[in-house]
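Asks: Got a sequence here, can you build the structure:
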Amino acid sequence: MTNLNADDQSPEKHPSGDKAQVERYQQLVLEYEKLAAEIDGLLMRNDGGTEEMSDEDYRRYRKLADQRDEVHNQLRHLESILFDDN
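Replies: Numbers count the residues shown, from 1 in each chain. Predicted coordinates:
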């Protein structure tokens, strides 16, 4: 019987962990697309920019953009794990 060290049980190396990470990646892509669509809608309603946005719309825009950026960072992190050739 082969002993497995702690690294072999990590989500990055375990097949079920890979599946969970792929599913998480897919969820994040959907979340990113939803946030991007909301941002696009806000921009379209305001002549394509933020200059004429009401304070309320601008606050909403910044909140959505921050959330989108965080999701983007999570996607990049998962990509580095899922597509690492090491």
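Asks: and Leu35, how many neighbours?
Replies: 20 (other C-beta atoms under 10 Å). In this view, the C-beta of every residue, glycine as well, is placed from N, C-alpha and C.
Asks: same deal with the one 5 residues further on?
Replies: Applying the criterion other C-beta under 10 Å, we find 12 residues in the vicinity of Asp40.
Asks: In terms of helices and strands, where is it?
Replies: helix 15-45 (DSSP states H and E).
Asks: so what does that helix touch, helix or strand wise?
Replies: Judged by 3 or more C-beta pairs under 8 Å, 6 or more residues apart in numbering; DSSP states H and E, the packing partners of helix 15-45 are helix 55-82.
Asks: Any buried residues in the helix it packs on, and which?
Replies: Counting neighbours by 16 or more other C-beta atoms under 10 Å, one finds that the buried residues in helix 55-82 are 61, 64-65, 67-68, 71, 74-75, 78.
Asks: looking at this structure, which helix or strand is least sure?
Replies: Sorting the helices and strands of the chain by mean pLDDT, DSSP states H and E puts helix 15-45 at the bottom, at a mean of 93.
Asks: Report the central residue of this protein.
Replies: With distances taken as C-alpha atoms, centre = their mean, the residue of the chain nearest its centroid is Val71 (2.7 Å).
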